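> I'd like to go over a predicted model; first the sequence, then the structure.
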Amino acid sequence: MGSKWDIEKFTGSNDFGLWKVKMLAVLIQQKCEKALKGEGALSVTMTQAEKIEMVDKARSVILLCLGDKVLRDVAKERIVASMWSKLESLYMTKSLAHRQFLKQQLYSFKMMESKTVMEQLTEFNKMLDDLENIEVQLEDEDKAILLLYALPRSFESFKYTMLYGKEGIVTLEEVQVALRTKELTKTKDLRADENSEGLSVSRGNGGGRVNRGSSKSGNKEKYKCFKCHKFGHFKRDCPEDNENSAQV
């Protein structure tokens, strides 16, 4: 199984909507996705044995992609269509309370300075997917405006440009592409600044060594000559040393 496809098991706590999309892809790959509509929806050209084989195959594939807790909830369902429907009713409820909760979560969403734009865009898109999974449709412009007003204060100029700096309707894709581009540019600028700072520090250290050497030679006044015992020169430079004076 692992050599053909790899999918995270649904445990009840991870994203059911995303798991459902992956699960449908696996069933299509295994050529048994039609079994989800029930045996009656299968082609009339199929024999009864072929229909049973397809339904059993789809059921086994789904069961192998469920965690133990979820598996106990649906294991008694012998019909794959009923199993799929039960999973949706348990983990993708369309109740009024659930709809209101997801809407409130989206409308109150605010991005933070401490997190990257990329990971917060993922959170925002997940909330949109959760609403679409329970058939709550939002206009694309409304999604874009919600995202713009969720941006932190440092994005005020960006928000103003996207809302009033162009003609026509702002789209969610435009906003997300612009945000990703801005994030990548910011990352590159930070790396460039770090490299420049490191180069400056390296040059500064080299200059420090020259200054230390200069200060050392400039403080000769505090050294005492071992020849005449006077301050201000070394023994090799002593004016009382005739031999040394001759060399000079």
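Now that the structure is in, tell me what you want to look at.

> So which residue is dead centre in this protein?
For the chain, the residue nearest the mean C-alpha position is Glu119 (3.7 Å; CA atoms, centre = their mean).

> What distance do you get for it to Glu141?
24 Å (CB to CB, to the nearest Å). C-beta: built from backbone N, CA, C; applies to glycine.

> so Asp129 touches Leu18, yeah?
Yes: look at Asp129 against Leu18 with CB atoms under 8 Å: they come within range, at 7.3 Å.

> circling back to that earlier point, which of the residues in the helix or strand encompassing the residue nearest to the centre of the chain are buried?
Taking DSSP states H and E as the definition, Glu119 sits inside helix 117-133. By 16 or more other CB atoms under 10 Å, the buried positions in helix 117-133 come out as Val117, Gln120, Leu121, Phe124, Met127, Leu128, Asp130, Leu131, Asn133.

> Equivalent analysis for stretch 131-149, please.
Applying 16+ other CB under 10 Å to stretch 131-149 flags Leu131, Asn133, Lys143, Ala144, Ile145, Leu146, Leu147, Leu148 as buried.

> List the contacts of Glu183.
Thr116, Val117, Met118 (CB atoms under 8 Å, 6 or more residues apart in numbering).

> Report the separation between it and Leu148.
15 Å.

> For Glu50, give me its contacts.
Taking CB under 8 Å, 6+ apart as the test, Glu50 contacts no residue whatsoever.

> before we move on, back to that, quick check: of the buried residues of stretch 131-149, which lies closest to Ile28?
Using CB to CB, Asn133 comes nearest to Ile28 of the buried residues of stretch 131-149, at 18.6 Å.

> Ignoring the adjacent residues along the chain, who's closest to the closest one?
Ranked by CB to CB, 6 or more residues apart in numbering and with sequence neighbours excluded, the top spatial neighbour of Asn133 is Gly17, at 4.3 Å.

> Tell me how many other residues surround that neighbour.
By other CB atoms under 10 Å, the residues close to Gly17 number 15.

> Kindly export stretch 98-116 (C-alpha atoms) in PDB.
This file holds the C-alpha atoms of stretch 98-116, laid out as PDB (Å, rounded to 0.1, in the frame of the first residue of the first chain):
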ATOM      1  CA  HIS A  98     -21.200  24.700  13.600                       C
ATOM      2  CA  ARG A  99     -21.800  27.100  10.800                       C
ATOM      3  CA  GLN A 100     -21.900  30.100  13.100                       C
ATOM      4  CA  PHE A 101     -18.800  28.900  14.900                       C
ATOM      5  CA  LEU A 102     -16.800  28.700  11.700                       C
ATOM      6  CA  LYS A 103     -18.100  32.000  10.400                       C
ATOM      7  CA  GLN A 104     -17.200  33.700  13.700                       C
ATOM      8  CA  GLN A 105     -13.700  32.100  13.600                       C
ATOM      9  CA  LEU A 106     -13.200  33.600  10.100                       C
ATOM     10  CA  TYR A 107     -14.500  37.000  10.800                       C
ATOM     11  CA  SER A 108     -12.500  37.500  14.000                       C
ATOM     12  CA  PHE A 109      -9.300  36.200  12.500                       C
ATOM     13  CA  LYS A 110      -6.300  38.600  13.000                       C
ATOM     14  CA  MET A 111      -2.800  38.000  11.800                       C
ATOM     15  CA  MET A 112       0.100  38.600  14.200                       C
ATOM     16  CA  GLU A 113       3.500  40.200  13.800                       C
ATOM     17  CA  SER A 114       5.200  37.300  15.600                       C
ATOM     18  CA  LYS A 115       4.200  34.700  12.900                       C
ATOM     19  CA  THR A 116       5.200  34.500   9.300                       C
END
